[in-house]
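Student: Sequence plus the predicted model coming up.
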Protein chains: 2
Amino acid sequence: MKSYHQTCTAAKALDVLGDRWTLLILRELIMQSPCRYTDLANGLPGIASNLLSDRLRALEHAGLIKREAAPPPVAATLFHLTEKGAATEPILAELAVWGTRYAFEVDPEDEFREHWFPFAASVLLRDRDPGAPPVIVQLVTPVGSSTITADSNGVHPRMGTAESSDLTIGGAPPVILRFLSGVITLATAQAEGMTLDGDPAVLDRFQVTTTP
Amino acid sequence: MKSYHQTCTAAKALDVLGDRWTLLILRELIMQSPCRYTDLANGLPGIASNLLSDRLRALEHAGLIKREAAPPPVAATLFHLTEKGAATEPILAELAVWGTRYAFEVDPEDEFREHWFPFAASVLLRDRDPGAPPVIVQLVTPVGSSTITADSNGVHPRMGTAESSDLTIGGAPPVILRFLSGVITLATAQAEGMTLDGDPAVLDRFQVTTTP
DNA sequence: CAGCATCCGCTTTGATACTG
DNA sequence: CAGTATCAAAGCGGATGCTG
């Protein structure tokens, strides 16, 4: 990307992150790091192969990712985030919060990947008390199950079910997202089919933004 | 911008905000709204006139800004943020935080506008106790003075000096930014020429991120 | 198959000039 | 002041080909 050539910290960030696809590549790495080129391509439907290649090179040069040859028998290049790259998560979190509240329309033509939903859900949850005992929230939707863990290392999503959980949230992804982002109330969400199983007080652990 | 066509809230946000210049236009409006076309052009050195025109039309169509004819004797079009547009501030804040920590290099060739510095400083300050009495922080730098007010309406910057302030921070913009973002400690910042005048406890009011 | 590189048609951008 | 008009250059998306 051409630099904006402005002595402004937001503009400097966009000099690195502002290219088309770049932030979505970081979204994939936040969920999947470390992973292979093909895993990234699968999580980024629509990207041209040369562009993915170009962006990965630029991100490596800028110090946000590193590539390493996986040991045999895997024998593939693994891409993973550096600290600098992992630190972009709050940016993606705020994009997801804004997108949920102001730009989320479900188009049946759009592509969908199962791991995008727990990503969106996890960035909406801010742990109010990271020192408290860890909690596990299970998400169960028609498209699959995922688990969100909140402990001293932060709030992190994982695909699949957990052996045990403190709270299980069921329902359609759009309803759960709109509830977690504060667009709709708990009562409205439940009226739209969202279910809670377990200890509802777990929700108080998180800073669920209220509608302004 | 071409849509990514992904059922992902971050991708949906980027469908609206991901075009080149768009987020920087919102930065200007966060600082200057309402303002005129020419004010925006002045705050965005390097933008082509046709691009600014295109982006403003797109932002208006997406509902992030509105344009209104100013009453005489001003007789100019005024652009101002809607709630949807103002809600992008946390995204710019996280970009500025990341940029300060990981991508802030001062290039003497870069353009500079006086209002960019209080913008960057204000987004680094998160009020821990919005219910507490308002505080006023004055920034005094070689390029000008600005004031940051924290009250129940949030943390907001303003150009110029205030009649009174609870704390005055002096020094070079890069040093102040690196201190407020937690890249350097208070002691280091003071060794690099940053000065505090007034009640240093005001700093505790804000969540100044510590270096990881 | 993983990880690109090349080519090509199309769109977007940037720089400048011009207008009501 | 608030934009249009024009045009060259760069970037993007899609297809294909190459190499270990």
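Tutor: Arrived safely. Numbers count the residues shown, from 1 in each chain, chains lettered A, B, ... in the order given.
Student: which residues does residue A:167 bridge with?
Tutor: residue A:137, residue A:198 (DSSP bridges).
Student: Grab the most central residue of chain A for me.
Tutor: residue A:119 (2.8 Å; CA atoms, centre = their mean).
Student: Nearest residue to that one in space, please, no chain neighbours.
Tutor: residue A:31 (5.2 Å; CB to CB, 6 or more residues apart in numbering or on different chains). (C-beta placed from N, C-alpha, C; glycine too.)
Student: The one you found is in contact with residue A:115, isn't it?
Tutor: Yes - Residue A:31 lies in contact with residue A:115 (CB atoms under 8 Å); the separation is 5.1 Å.
Student: before we move on, the earlier item: tell me how far the residue nearest to the centre of chain A lies from residue A:94.
Tutor: 14 Å (CB to CB, to the nearest Å).
Student: Tell me where chain A is predicted with low confidence.
Tutor: A:72-74, A:208-212 (pLDDT under 70).
Student: How about the residues of it by DNA strand D?
Tutor: Applying CB under 7 Å from any atom of the strand, one finds that chain A approaches DNA strand D through A:1-2, A:19-21, A:46-51, A:54.
Student: ok, and of those, which contact DNA strand C?
Tutor: Applying CB under 7 Å from any atom of the strand to these, those adjacent to DNA strand C are A:2, A:49-50, A:54.
Student: need the contact list for the residue nearest to residue A:151 when sequence neighbours are not counted.
Tutor: Nearest residue to residue A:151, sequence neighbours excluded (CB to CB, 6+ apart): residue A:134, at 3.6 Å. By CB atoms under 8 Å, 6 or more residues apart in numbering or on different chains, residue A:134 lies in contact with A:149-152.
Student: Show me which residues of chain A sit near DNA strand C.
Tutor: So far as CB under 7 Å from any atom of the strand goes, chain A lies against DNA strand C at A:2, A:36-38, A:49-50, A:53-54, A:56-57, A:67, A:76-78.
Student: hmm, 6 Å instead?
Tutor: Residues of chain A that fall close to DNA strand C, judged by CB under 6 Å from any atom of the strand: A:2, A:36-38, A:49-50, A:53, A:56, A:76-77.
Student: I'd like to know which of those is nearest to residue B:178.
Tutor: residue A:2 (25.8 Å; CB to CB).
Student: Could you tell me whether the closest one really is in a strand?
Tutor: No - counting by DSSP: H, G, I helix; E, B strand; the rest coil, one finds residue A:2 to be coil, located in no strand.
Student: What is the neighbour count of the closest residue to residue A:11 other than its chain neighbours?
Tutor: Once flanking residues are discounted, residue A:11 sits nearest to residue A:4: 4.4 Å by CB to CB, 6+ apart. Residues lying near residue A:4 (other CB atoms under 10 Å in any protein chain shown) number 22.
Student: quick one: residue A:4 and residue A:15 touch, right?
Tutor: Yes - the criterion here is CB under 8 Å, and residue A:4 meets it with residue A:15 at 6.1 Å.
Student: what ranges do the strands span in chain A?
Tutor: Secondary structure of chain A (DSSP state E): strands located at A:65-69, A:77-81, A:135-141, A:144-151, A:154-159, A:167-170, A:195-198.
Student: What is the second one packed up against?
Tutor: Applying 3 or more CB pairs under 8 Å, 6 or more residues apart in numbering or on different chains; DSSP states H and E, one finds that strand A:77-81 makes contact with helix A:22-32, helix A:37-43, strand A:65-69.
Student: and if you look at the third one?
Tutor: Here strand A:135-141 is seen to pack against helix A:116-124, strand A:144-151, strand A:167-170, helix A:173-180 when contacts are counted using 3+ CB pairs under 8 Å, 6+ apart.
Student: still on that earlier bit, from the contacts of residue A:134, which would you call buried?
Tutor: Buried subset of the contacts of residue A:134 (neighbour count, 16 or more other CB atoms under 10 Å in any protein chain shown): A:149-150.
Student: Can you tell me which of the strands of chain A is nearest to residue B:86?
Tutor: strand A:154-159 (26.1 Å).
Student: Using CSV, write out every CA atom in the closest one.
Tutor: Taking C-alpha atoms only, strand A:154-159 is exported to CSV below (Å, rounded to 0.1, in the frame of the first residue of the first chain):
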residue,chain,number,x,y,z
GLY,A,154,-7.9,-13.4,27.8
VAL,A,155,-11.0,-14.5,26.0
HIS,A,156,-10.3,-17.1,23.3
PRO,A,157,-12.5,-19.1,21.0
ARG,A,158,-12.0,-22.7,20.0
MET,A,159,-13.9,-24.9,17.6
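Student: How many residues are close by residue A:144?
Tutor: That count, for residue A:144 with other CB under 10 Å as the rule, works out to 15.
Student: That one reaches residue A:159, doesn't it?
Tutor: Yes - counting by CB under 8 Å, residue A:159 is a contact partner of residue A:144 at 7.4 Å.
Student: which residues are common contacts for those two?
Tutor: residue A:114.
Student: In chain A, what residue comes closest to DNA strand C?
Tutor: residue A:37 (2.6 Å; CB to the nearest atom of the strand).
Student: what bridges to the closest residue to that residue other than its chain neighbours?
Tutor: Spatial nearest neighbour of residue A:37, excluding adjacent residues (CB to CB, 6+ apart): residue A:77 at 6.4 Å. The residues listed as beta-bridge partners of residue A:77 by DSSP bridges are residue A:69.
Student: quick one: residue A:77 and DNA strand D, what's the gap?
Tutor: 11 Å (CB to the nearest atom of the strand, to the nearest Å).
Student: Does that residue touch residue A:67 like I think?
Tutor: Yes - taking contacts as CB under 8 Å, residue A:77 lies within contact range of residue A:67: 5.3 Å.
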